[in-house]
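1. Here's my sequence, what's the structure:
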Amino acid sequence: MNFKQAFLLVTILCLASCASTRNHSEPETPSSKQTHYESSISLDKMDAQFLYLAAQQALGRDQKILGMRFLSEVVKKKPEDIEPRLELVELYLMSRQAREVKEAKRLLDTIPAESKASLQGELLNSYQLLSAQVMLAIGETQEASLLLSALLKSQPGNNQIRLLLVRINIARGDFKKGHDLLDEGILIRDDLVLWQMRVQLYLQQGLNAKADQTLVKMQRKYPNHEDIALQRSQLAEQQNEILKSEKILKEYIDSHHDSAERSYMTLAGLYVRQNKLDEAVILYKTVLPYTVESAEVYTLLGKVYYEQGKYAEASQVFDQARLQLIDSDEGQLNDEEASVLFYLAASMEASHRWPEAIPLYEQLMPHHELYVDAQLRLVNIDLVNDKNELAEQRLDTLKQSYPKNMDVFEMLTSLRLKQEAYKLLIAETDQVLDLGFSQVIWFNRAVAFEHLKQFEQLDDSLEGLLGNVPNHAEALNFYGYSLADRGLRLDEALVMVNKALELKPEDGYYLDSLAWIFYKQKRYPEALKTQLRAEAKVPNDAVMQEHLGDIYWRSERYSKAKEHWKKALELKHEEPEKIKLKIKQGLL
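-> As a prediction, this is how the structure comes out:
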């Protein structure tokens, strides 16, 4: 067989592998690939040279399993050839799995004696280094250390050997020896990788100041190496030195403004974490012309707009990200594309553009990471638009596929409250409580108990919720108001509602609760003052108008009382007969 035939065979093998990849959505596994190739091409009948060439092409295409399969056949056919054997050992070691490490050791141990005796030069170095790595992988640290130390004496400039020895000493807790090895290596050959290892040693020792000092030296030596600036910035942020972190990034950007893409992105992320969203927007817009990964930038920018409540801008930017990701050759959405579609739909949903959002959410499939979130968003749209039956159908499907997903049950409780199916809500969530704690479920159960007038269970639910989340403002207000409405533990109720108001000082409903507690305590002037503040914030709530009427009546301002009771009727109070009776005869 001539060279052209060999090349053709290699090409056919690689094309076969590509076809297999396209035809199967599941990940490549040794068993599935092995079956395919054994059935299509008998490798044992092929020449070792062609198999070796095929292995190199497969590895070049990042088809590791296929490459290992070919190399294994080469080793079987030509056990005396060292190079393919060592390549296979290296691939096995990369997996770090016990079975593969064991196979790597076997491959080294079974090298024919005459082949091992003939080793020299690069092959000898590779064999010795791989032997040491196998020793480390199987726990023979002392033997590996002795071999590496001997190798380093003959190859003092080999930083791969030096770094393995450093790691052995770190594992032993001998940081001084690790630093000594690095100092010696830097004197021989000033290599960035040695400086980086020195930083890692200082960080592992908790010597953050020394790590930063080393990074400063590295910046002077390698001023164009962006990773150093990024590492310094990250270290500063971890130590809560936000201004320093920001300054490091800005300085690098100022001197490398047209090639500092990652610094721009990191600084923008820092701004997002500090809630400086306007500054983040400016940076994301600035970096767009300098990056080929514009879809990622558009996506991040869209998320900032979404966080700011600028849903129209978010929709436009997410749509740009979608356009950047379009690939006409792909039949299915990948995870990145699905994520962009999800956020695009969420932006449209927030703008009440439901007909546009719905088909986008529906494009996400069960294998996408955000599939459940998309389905729950669809349920939420159904609830907002009073399509309760459709919402229930979606939730039933989700319950069957994801029986332990708390988000699904949280949404289900929202549906049951909307349906006023309080007993069903309780029954469905009794079995869910053991799956984990959910603020939403505990709170919605409390609402259901309140409607059912099961006050003991109501109190237990709210106390359980506040035991886990002491600053849950809604629960504090709900519990305080409920106690006041029942005329119980008014001092405790006052503490709860005041705490809720500390968390949300301008909430009109919380002010209504506070006024109602004052009313129950017969502190009518304070109740009236507080209720007027509440009404100013929420002027069209029927119950709050009823409360204001009650307070005016107890303050002996009877005409004002009737005025607000009448307004409660106009606002469709849930108990109109009760309000009519008050208008007729006042408070008895």
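2. how far away is the residue nearest to Lys78 when sequence neighbours are not counted from Leu194?
-> Spatially, and ignoring its direct neighbours in sequence, Lys78 is nearest to Ala48 (4.8 Å; CB to CB, 6 or more residues apart in numbering). All C-beta atoms are positioned from the backbone trio N, CA, C, and that covers glycine. Remark: distance between Ala48 and Leu194 (CB to CB, to the nearest Å) = 40 Å.
3. Of the two, which one has the most company?
-> For Ala48 versus Leu194, neighbours defined as other CB atoms under 10 Å are more numerous around Leu194 (20 against 16).
4. Helix, strand, or coil at that one?
-> Using DSSP: H, G, I helix; E, B strand; the rest coil, the structure places Leu194 in helix.
5. Please state the backbone phi and psi of the most centrally placed residue in the chain?
-> When CA atoms, centre = their mean is applied to the chain, the residue found nearest the centroid is Glu369 (10.4 Å). Backbone torsions for Glu369, taken as degrees, to the nearest 10, come to phi -60, psi -40.
6. The residue lying closest to it once chain neighbours are set aside: neighbour count?
-> Leaving aside its chain neighbours, Glu369 sits nearest to Asp335 (5.8 Å; criterion: CB to CB, 6+ apart). For Asp335, the count of nearby residues is 12 (other CB under 10 Å).
7. same deal with Val469?
-> Using other CB under 10 Å, Val469 is surrounded by 16 other residues.
8. Tell me the pLDDT of the nearest residue to it once chain neighbours are set aside.
-> Nearest residue to Val469, sequence neighbours excluded (CB to CB, 6+ apart): Gln439, at 5.7 Å. pLDDT recorded at Gln439 is 95.
9. ditto for the one 5 residues further on
-> Per-residue confidence (pLDDT) for Asn444: 97.
10. ok, now which ones touch it?
-> By CB atoms under 8 Å, 6 or more residues apart in numbering, the contact list for Asn444 reads Glu410, Thr413, Ser414, Arg416, Leu417, Leu425, Thr429.
11. Which one of these is nearest to Leu483?
-> Of all these, Leu417 has the smallest distance to Leu483: 21.4 Å, by CB to CB.
12. Quick check: Ala132 touching Leu163?
-> No - using CB atoms under 8 Å, Ala132 is not in contact with Leu163, being 11.8 Å away.
13. From Ile426, how far off is the residue nearest to Glu369?
-> For Asp335 relative to Ile426 (CB to CB), the value is 38 Å.
14. Over to Leu148?
-> For Leu148 relative to Ile426 (CB to CB), the value is 66 Å.
15. Compare neighbour counts for those two and give me the winner.
-> More crowded of Leu148 and Ile426, by other CB under 10 Å: Leu148, with 25 against 19.
16. contacting residues around that one?
-> If a contact means CB under 8 Å, 6+ apart, then Leu148 has Ala132, Ile161, Leu164, Leu165, Ile168 as its contacts.
17. one more time with 7 Å
-> Ala132, Ile161, Leu164, Leu165 (CB atoms under 7 Å, 6 or more residues apart in numbering).
18. what about it, which helix or strand?
-> helix 141-154 (DSSP states H and E).
19. Name the SS class of the residue lying closest to Pro112 once chain neighbours are set aside, please.
-> Setting aside the residues directly before and after it, Pro112 is nearest to Glu80 in space (CB to CB, 6+ apart), at 5.4 Å. Assigned with three-state DSSP, Glu80 falls in the coil class.
20. Give me the distance between Glu80 and Glu577.
-> Taking CB to CB as the measure, Glu80 falls 101 Å from Glu577.
21. Compare neighbour counts for these two and give me the winner.
-> Legend: neighbour count by other CB under 10 Å for Glu80 and Glu577, higher for Glu80 (11 against 8).
22. Is it correct that that one is in contact with Ala117?
-> No - with contact defined as CB atoms under 7 Å, Glu80 does not reach Ala117; the gap is 11.4 Å.
23. so Ile579 is in which element?
-> helix 576-585.
24. ok, residues contacting stretch 113-132?
-> 80, 82-83, 86, 89-90, 108, 144, 147-148, 151, 160-161, 164.
25. ugh, typo on my part, it should be stretch 370-389
-> 338-339, 342, 345-346, 349, 354, 357-358, 361, 364-365, 390-391, 394-395, 398, 402, 405, 407, 411, 414-415, 418-419.
26. what do you get for stretch 531-548?
-> Here stretch 531-548 makes contact (CB under 7 Å, 6+ apart) with 506, 508-509, 511-512, 515-516, 551, 564-565, 567-568, 571-573, 579.
27. Report the buried residues of that stretch.
-> For stretch 531-548, burial by neighbour count (16 or more other CB atoms under 10 Å) applies to Gln531, Ala534, Glu535, Asp541, Ala542, Val543, Met544, Gln545, Glu546, His547, Leu548.
28. wait, doesn't the residue nearest to Val469 sit right on His472?
-> Yes - using CB under 7 Å, Gln439 is in contact with His472, at 6.5 Å.
29. Please enumerate the shared neighbours of these two.
-> Between them, Gln439 and His472 share the contacting residues Leu465, judged by CB under 7 Å, 6+ apart.
30. So if I had to pick from these two, which one is more boxed in?
-> His472 (19 against 14).
31. And for Val292, the neighbour number?
-> Residues lying near Val292 (other CB under 10 Å) number 8.
32. Tell me the secondary structure at it.
-> coil.
33. Please tell me the pLDDT value assigned to Asp407.
-> 95.
34. quick one: what helix or strand has it in it?
-> Under the criterion of DSSP H and E, Asp407 resides in helix 406-419.
35. And that helix, what's buried?
-> Across helix 406-419, burial judged by 16+ other CB under 10 Å covers Val408, Phe409, Glu410, Met411, Leu412, Thr413, Ser414, Leu415, Arg416, Leu417.
36. what's the answer for stretch 68-88, then?
-> 68-75, 77-78, 82, 84-88.
37. Counting only helices, which of the residues you listed make the cut?
-> Using DSSP state H, the members of those that fall within helices are 68-75, 77, 82, 84-88.
38. thinking again about what came up before, does the residue nearest to Glu369 touch Met365 like I think?
-> No - using CB under 7 Å, Asp335 makes no contact with Met365, being 10.6 Å away.
39. what's the spacing between stretch 417-428 and its chain's center?
-> 32 Å (CA atoms, centre = their mean, to the nearest Å).
40. can you list contacts of that stretch?
-> Against stretch 417-428 from outside (CB under 7 Å, 6+ apart): Leu383, Asn388, Leu412, Thr413, Arg416, Asn444, Arg445, Val447, Ala448, His451, Leu452.
41. pLDDT wise, what is the first one at?
-> As predicted, Leu383 sits at a pLDDT of 95.
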